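Undergrad: any chance you could fold what I've pasted below:
(one chain, ligands or ions: 1)
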Amino acid sequence: LGQLFIVPTPIGNLGDITQRAINTLQQVDLIAAEDTRHTGKLLQQFAIKTPMFSLHDHNEQEKSAILIEKLQSGVSIALVSDAGTPLINDPGYHFVKLCHENGIKVIPLPGACAAITALSAAGIASDRFCYEGFLPAKSKARISILESLQEESRTLIFYESPHRIKETLLDMKAVFGDERRVVIARELTKIWETIYGSPLGQLVEWIVADENRQRGEFVVLVEGFKAPASDDMDFLNQKVLATLKLLMKELP
Ligand code: SAM
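TA: Alright, predicted model coming up:
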């Protein structure tokens, strides 16, 4: 039986590929890649000539079956995505699940992942965290997810694109309030790497003040909910008012 290797690739800085990743990409028979053109450039950098096979979100189910047959006939495969760790907001879940169902050994290589890289430098509690990936693109759906996370005490980690970073931070401010601390980690490992944290009210002002701050790839880390001390009258009054408002809506 062949084996499947899960191989992380850099999230910006090419120097972040590991020696083991290079060796594995060289030694396997086939590389299953999210985008063969994108991965082709990476392979070129490291003079790796292993053949590629396309496995992306839209063909994963059908292509996985073909790859399983190859593994069963003894072919060894490396799975890569465009950047970072496969399966972390990238294709591969169905394929890996199918490998387990078919008794194929899956060997993970450690490597770059934007969420963990950001968390390690954010200065926000890192002992317990929830990875939430991308929020929905539409504000209504986004707010409803944020509301469901309002009292989550663990650190929240989101991915966000430059097109929506401003709107997402505005929605977070509306749901979590001005005082909740948020850190944004932008363009990690690249030239314009920026890690900036502040209470949400200020963070929104900071990002709106300069459009350059909204460019690039983002990880957004939100400090977990801290239950206020029971003698915090302001907070209690706000809660009572919010409940009253809800009740008033229901009254004829
Ligand atoms: N598999 C990847 C990983 O392990 O992090 C994530 C892939 S996901 C499709 C792409 C998103 O990851 C981007 O929109 C951004 O939110 C985040 N991301 C990737 N590279 C990043 C970087 N260099 N700096 C900040 N965020 C990054």
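Undergrad: contact residues of the protein facing the ligand?
TA: 11-12, 81, 83-85, 88-90, 113-115, 159-161, 185-190, 217-219 (Cβ under 6 Å from any ligand atom). (Glycine included, C-beta is placed from N, CA and C.)
Undergrad: 5 Å - rerun?
TA: 11-12, 84-85, 88-90, 113-114, 159, 188, 217, 219 (Cβ under 5 Å from any ligand atom).
Undergrad: and those residues, which of them are buried?
TA: Buried members of the residues of the chain next to the ligand, scored by 16 or more other Cβ atoms under 10 Å, are I11, G12, G84, T85, I88, D90, C113, A114, Y159, L188, E217, V219.
Undergrad: so which of these are in helices?
TA: Members of these lying in helices (criterion: DSSP state H): A114.
Undergrad: closest one of the buried ones among the residues of the chain next to the ligand to F134?
TA: Checking these against F134 by Cβ to Cβ gives Y159 as the nearest, at 5.1 Å.
Undergrad: shouldn't the closest one be in contact with F218?
TA: Yes. Using Cβ atoms under 8 Å, Y159 is in contact with F218, at 7.1 Å.
Undergrad: tell me the strands beside the helix or strand where L221 lies, with direction?
TA: In this assignment (DSSP states H and E), L221 forms part of strand 218-222. Using DSSP bridges, strand 218-222 pairs in its sheet with strand 155-160 (antiparallel), strand 181-186 (antiparallel).
Undergrad: check contacts around the residue lying closest to W192 once chain neighbours are set aside.
TA: Leaving aside its sequence neighbours, W192 sits nearest to G216 (Cβ to Cβ, 6 or more residues apart in numbering; 6.1 Å). Shown in contact with G216 (Cβ atoms under 8 Å, 6 or more residues apart in numbering): P162, R186, E187, K190, W192.
Undergrad: mind redoing it with 7 Å?
TA: The contact partners of G216, by Cβ atoms under 7 Å, 6 or more residues apart in numbering, come to P162, R186, E187, W192.
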